[in-house]
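Asker: below are the sequence and a predicted model for it; my questions follow.
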Amino acid sequence: MKADLAGLPDKSTIGPLALEFENWAPEDILAWVVRVYGHRAVLACSFGGPSGVVTLDMAMRIDSSLPVYYLDTALLFPETYELVRWMGARYKIKPIRVHPRLSVAEQAAIYGPELWKRNPDICCAMRKVEPQLAFLGTFEAWISGIRRDQSRTRAYVPVIEWDTKFDIAKVNPLATWSERMVWTYIRAHELPYNALHDRGFPSIGCRPCTRPVAEGEDLRAGRWPGFSKIECGLHVSHDSGDKTRLTEDSSPV
Ligand code: SF4
């Protein structure tokens, strides 16, 4: 292992680092993050996908005091909340609950009921992106479980990158892994996982915006059914033309 930098990576040094990390094992990447960032790094886990469970397990084996958080939109499945409790008990941690400013009822009062049926981009911006933006303000790096094989929007994700949306480093230790490798790890370590995976849900988000997928469908095809949208905005940089960020003049719809 190398990757010895004088300080924390920045926008100009992170590209060469990504090339160096390309052939590293995820555990080595996570150990590097813990060594370099300490508690200035935070691990995001949605508890709605197998990759998050694997990343969390690997990180907890390295440093169980690493901060862990999840975005609670207040619209998650009961199985997801159950997995938060299981994993918390397993590693003796309390994942930080990051939540939107508005309750679902308050959002409905301002924007109308079931905004996700009419404008999921604004709903995701309010219930996911903005809370994460506020939360990550005190950190220098965030760790995500996304992988290149999950969708065309993630096909070129680097192992480490500068996240222009949150203006900190973003580390994707499992970027090069496949779905099969993730499940092999889960079975080998007898990890708990979201019970909905056994009922045809490979990727699980909010209740109103997630359906099971058919054999052969894209892993994220069950997200936002009826819309072309396949990303909530957390994993899309401003530079890519993403429009999920709520702007000052966004009006109720
Ligand atoms: S996934 Fe659906 S319900 Fe959840 S924040 Fe996005 S649009 Fe709203």
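Answerer: That came in fine, so what should we check first?

Asker: ok now stretch 16-32, how far from the chain's centre?
Answerer: 18 Å (Cα atoms, centre = their mean, to the nearest Å).

Asker: any idea of the mean pLDDT in that stretch?
Answerer: Mean pLDDT, stretch 16-32: 96.

Asker: residues contacting the residue positioned nearest the centre of the chain?
Answerer: Per Cα atoms, centre = their mean, the C-alpha nearest to the average position across the chain is that of residue 144, at 4.9 Å. Taking Cβ atoms under 8 Å, 6 or more residues apart in numbering, we find residue 144 in contact with 44, 55, 170, 171, 172, 234, 235. For glycine as for every other residue, the C-beta is placed from the backbone atoms N, C-alpha and C.

Asker: one more pass at 7 Å, please.
Answerer: Contacts for residue 144 (Cβ atoms under 7 Å, 6 or more residues apart in numbering) come out as 44, 170, 172, 235.

Asker: ok, residue 32 to residue 53 distance?
Answerer: According to Cβ to Cβ, to the nearest Å, residue 32 stands 21 Å off from residue 53.

Asker: meant to ask about residue 225
Answerer: Noted for residue 225: a distance of 24 Å to residue 53, by Cβ to Cβ.

Asker: which one of those two is surrounded by more residues?
Answerer: Neighbour tally, residue 225 and residue 53, criterion other Cβ atoms under 10 Å: the higher count belongs to residue 53, 26 against 12.

Asker: gap between that one and the ligand?
Answerer: Separation of residue 53 from the ligand (Cβ to the nearest ligand atom, to the nearest Å) stands at 20 Å.

Asker: could you do residue 39 as well?
Answerer: Distance from residue 39 to the ligand, by Cβ to the nearest ligand atom: 28 Å.

Asker: doesn't that residue lie inside a helix?
Answerer: Yes. Judged by DSSP: H, G, I helix; E, B strand; the rest coil, residue 39 forms part of a helix.

Asker: so what's the residue count around it?
Answerer: Residue 39: 13 neighbours (other Cβ under 10 Å).

Asker: for the closest residue in space to it that isn't next to it in sequence, which residues are in contact?
Answerer: Spatial nearest neighbour of residue 39, excluding adjacent residues (Cβ to Cβ, 6 or more residues apart in numbering): residue 67 at 6.1 Å. Residue 67 makes contact with 39, 42, 43, 96, according to Cβ under 7 Å, 6+ apart.
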